[in-house]
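> sequence below, structure please.
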Amino acid sequence: MSDTPKRIWLQVDPEGERYDDPLSGWDGATWCQDQINKSDIEFVRADEIEDMKHEIERLEAEVVHLEAIVENVDGQLIYKALRMIARRAGEKNDE
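Numbers count the residues shown, from 1 in each chain. Next comes the predicted model:
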């Protein structure tokens, strides 16, 4: 089906019964492409989850890369601060 929604929401009455087992007790349940209640349960197509997984992996790699950049910048700032402190200490010793 080409018009299959990527996500659906199982409509859960926010003041209705609660089920410990999410796979039973849902006779007469309805679904919608939009979330109606905060208690509705989102379902995502399996192929969408696979795409999300790849995007998460890509973003995680980007975060690692950016963390390395920040670490490098932090190291440079610390180095410059230590040089400045050493220079000032040297100037005070010269006085």
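
> phi first, then psi, for V44.
Dihedral pair for V44: phi -120, psi 140, per degrees, to the nearest 10.

> you'd agree it is up against P5?
No. At 9.7 Å, V44 and P5 do not qualify as touching, with contact defined as CB atoms under 8 Å. (C-beta placed from N, C-alpha, C; glycine too.)

> what about A61, which SS state?
helix (DSSP: H, G, I helix; E, B strand; the rest coil).

> against A68, how distant is Q35?
Counting by CB to CB, to the nearest Å, the gap from Q35 to A68 is 38 Å.

> can you map out the strands along this structure?
Here the chain has its strands, by DSSP state E, at 7-11, 30-32, 41-44.

> give me the nearest residue to A29, chain neighbours excluded.
Leaving out its chain neighbours, the residue that sits closest to A29 by CB to CB, 6 or more residues apart in numbering is L10, at 5.9 Å.

> beta-bridge partners for that neighbour, please?
Assessed by DSSP bridges, L10 has beta-bridge partners W31, I41.

> look at E91 and say how many residues are nearby.
Using other CB atoms under 10 Å, the number of residues around E91 comes to 9.

> same question, I49
Counted by other CB under 10 Å, the residues lying close to I49 total 9.

> ok, now the one 4 residues further on?
Other residues within reach of K53 by the criterion other CB under 10 Å amount to 10.
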